[in-house]
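[1] only geometry, no sequence info:
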């Protein structure tokens, strides 16, 4: 399973609300996520005819068989359950008992608003955002691959051929969802209409043009766009309405939630076709806008605060995002070479709106290099998350086997300025730590758009090292392997204790008294370690022997044997030294000893290896 960014919000909701409702398009991962987060709940899916018939014919009996609550999937197929569920919740409002999941957002919302208002917290799970895709085993290596593959979890988790998957997806969507939402007599005409919408992704909605292309009437075209929006296949982005002086357009723009589906509908069957495709710009714009929607949905914000600006003179911002700290204007460009000219159009929008944006304009483009200018910023496509979340949050989730780990120690260090720019934190009960980072990274803040090094350490689990984490690109999820009798520890200033030993270790740079002074932020190739009341590799400390204390020279990854004055022993490895920051893993047995190995099996150990190699 690919760890989802929405998971912490669902856990928090289940800790306070008696009902948690999760909606989203078909195949967005709702069932997998609910069953992973709530493994102790009974599970019922109303997709099964017997279960659906039972729920429709005898709703009291259906719920009576679930005294401890349950995950009820495809809840929109039996909306008559909700009034009876309301009575149960009113009698026993214990939090987290009922988890509801459904595919058809608007129909489900209507039933919930009548029966469960004030009793449920509603969240929407969209296809994978880029930061989530990066957690898969084989993420796309290029922009064209990312656009072509899209974000459906099964495609990435099982490395499926997107073309074959989406062919089946559209067939299932037409036969089940469309028939359930709207009595469409001619499914072939409706599929042709969906293809016509795909050819207009990123454009102003024109119902007459859609109707002419599909052989239907404009009112039918409007109703069918409603169907696409209800089933979360596409969405309409409203126009910014705060400018009455420059005659801005008022019509909404149409976007698809997944660019992989757009490519399939347009007959694009391999990534290289996108190199010269005439709609590549519109598809990329769709990707950026849908990334903003996904990232905000994963924070519980949804589409609220997302608009676009365009006037009749061609002044345009593809996205206008309202954040707590101000408004951000975002443009897009498929060019892969950065140029100051990319900012020209979006900068003009600042003079056309009554309240100037608090943040400098941003252009997300198709290259790999971030550039900061005096009055704007160019962000590579991989960092689109930073454009939509300008408040500068670096999110770290720490899990083991998919379960959150509380009180894990987090240290984030800037490799370029390791002794001046670092932040520490501890995970909360949901296994999450949120670090306040800076988009413009003014000293001494940590940069959101430059690579950082992450240390994670907690007793009972293997330590984790992640190099080149770009918070602008993704929230990070760490899955730790268990390590009975051992664990990880972080020395943020070069010294600290090893649990179970009476004494203190200090790592020093060569013979200098200042630990880890590393010019230009480069990690030291080796360092010395000194101990108070602890023997290192048999070297008795000076405080015990009466002789001058000597440093034991070490390199990252080298194993050391420690023994304190009471004869207690530990084996340690210094995994990384960066500035004054040190990541150490300790065990009761030598490394490689059977009793010193984690118990989570090869999968968890392999996860750790992946983290170490990044």
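    Noted; the coordinates are in hand. Predicted, not measured: the structure shown is a model, and the values here were computed from it.

[2] Residue 582 sits in which helix or strand?
    Counting by DSSP states H and E, the secondary-structure element that holds residue 582 is strand 581-587.

[3] Could you please name the strands that strand pairs with and the direction of each pair?
    Based on DSSP bridges, the strands next to strand 581-587 in the sheet, each with its direction, are strand 482-491 (antiparallel), strand 569-578 (antiparallel).

[4] any chance of those in CSV, with distance to residue 142, mean pLDDT and mean neighbour count too?
    Quick note: C-beta positions are derived from backbone N, CA and C, even for glycine. Written out in CSV, the entries for the strands paired with strand 581-587 read as follows (distance: least, Cβ to Cβ, whole Å; pLDDT from 0 to 100; neighbours: other Cβ atoms under 10 Å):
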stretch, distance to residue 142, mean pLDDT, mean neighbour count
strand 482-491, 35, 93, 21
strand 569-578, 30, 90, 21
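
[5] Which of these sits closest to residue 387?
    Between residue 387 and these, the shortest gap by Cβ to Cβ is with strand 569-578, which sits at 28.4 Å.

[6] Can you list the neighbours in contact with that closest one?
    With Cβ atoms under 8 Å, 6 or more residues apart in numbering as the test, strand 569-578 has contacts from 413, 415, 418, 453, 455, 463, 465, 498, 500-501, 507, 516, 518, 521, 523-524, 527, 529, 554-563, 582-591, 596, 612.

[7] one more time with 7 Å
    By Cβ atoms under 7 Å, 6 or more residues apart in numbering, the surrounding residues in contact with strand 569-578 are 413, 415, 418, 453, 463, 465, 498, 500-501, 507, 516, 523-524, 527, 554, 556-563, 582-591.

[8] Over to stretch 187-195?
    Around stretch 187-195, the neighbours that count as contacts under Cβ under 7 Å, 6+ apart are 170, 174, 178, 184, 210, 214-216, 224, 228, 265.

[9] Tell me, how many residues neighbour the residue nearest to residue 468 when sequence neighbours are not counted?
    Spatial nearest neighbour of residue 468, excluding adjacent residues (Cβ to Cβ, 6 or more residues apart in numbering): residue 451 at 4.1 Å. Here the number of neighbours of residue 451 (other Cβ atoms under 10 Å) works out to 15.

[10] So for the longest helix along the chain, mean pLDDT?
    Longest helix of the chain, by residue count under DSSP state H: helix 280-297. Mean pLDDT, helix 280-297: 96.

[11] who touches the helix or strand following that helix?
    Taking DSSP H and E as the definition, the helix or strand that follows helix 280-297 towards the C-terminus is strand 306-310. Surrounding strand 306-310, the residues in contact under the criterion Cβ under 7 Å, 6+ apart are 237-240, 248-249, 253, 292-293, 316-321, 349.

[12] repeat that with 10 Å
    When contacts are defined by Cβ atoms under 10 Å, 6 or more residues apart in numbering, strand 306-310 is touched by residues 202, 204, 235, 237-243, 246, 248-253, 255, 285, 289, 292-293, 296, 315-322, 327, 329-330, 346, 349, 352-353, 388.

[13] residue contacts, residue 394?
    The neighbours of residue 394, taking Cβ under 10 Å, 6+ apart as the test, are 410, 412, 423, 425, 433-438, 446-448, 452, 454, 469-472, 474-476.

[14] Any of those residues buried? List them.
    Among the contacts of residue 394, the ones that count as buried by 16 or more other Cβ atoms under 10 Å are 410, 412, 423, 425, 433, 435, 437-438, 446-448, 452, 454, 469-472, 474-476.

[15] out of those residues, which are inside strands?
    Among the buried ones among the contacts of residue 394, the members found in strands (DSSP state E) are 410, 412, 423, 425, 433, 435, 452, 454, 469, 476.

[16] Touching, the second one and residue 465? I think so.
    It stands for residue 412. No - Residue 412 is beyond contact range of residue 465, at 11.9 Å (criterion: Cβ atoms under 10 Å).

[17] on that earlier part again, between the ones in strands among the buried ones among the contacts of residue 394, which sits nearest residue 34?
    Of all these, the one with the least separation from residue 34 (Cβ to Cβ) is residue 476, at 22.6 Å.

[18] isn't that closest one right next to residue 385, touching?
    No - shown here, residue 476 and residue 385 do not form a contact pair, counting by Cβ under 10 Å, at 11.6 Å.

[19] burial count for the spatially closest residue to residue 222 that is not a sequence neighbour?
    By the measure of Cβ to Cβ, 6+ apart, the closest residue to residue 222 outside its immediate chain neighbours is residue 207, 5.0 Å from it. Here the count is done by other Cβ under 10 Å, and residue 207 has 18 residues near it.

[20] so what's residue 207 scoring on pLDDT?
    Per-residue pLDDT puts residue 207 at 96.

[21] circling back: what is the orientation angle of the strand holding residue 582 with strand 409-413?
    Here strand 581-587 runs at an angle of 140 degrees relative to strand 409-413 (axes from the mean of the first three to the mean of the last three Cα atoms, to 10 degrees).

[22] tell me which residues in the strand or helix carrying residue 226 are buried?
    Counting by DSSP H and E, the element that carries residue 226 is helix 218-230. Using 16+ other Cβ under 10 Å as the burial criterion, the residues of helix 218-230 that qualify are 220-221, 224-225, 227-230.

[23] cool, and stretch 8-25?
    By neighbour count, and taking 16+ other Cβ under 10 Å as the criterion, the buried residues in stretch 8-25 are 8-14, 17-25.

[24] Quick check: the farthest pair among those residues?
    Taking every pair in the buried residues of stretch 8-25 and measuring Cβ to Cβ, the maximum separation is 26.0 Å, between 18 and 25.

[25] Appreciated, that's everything.
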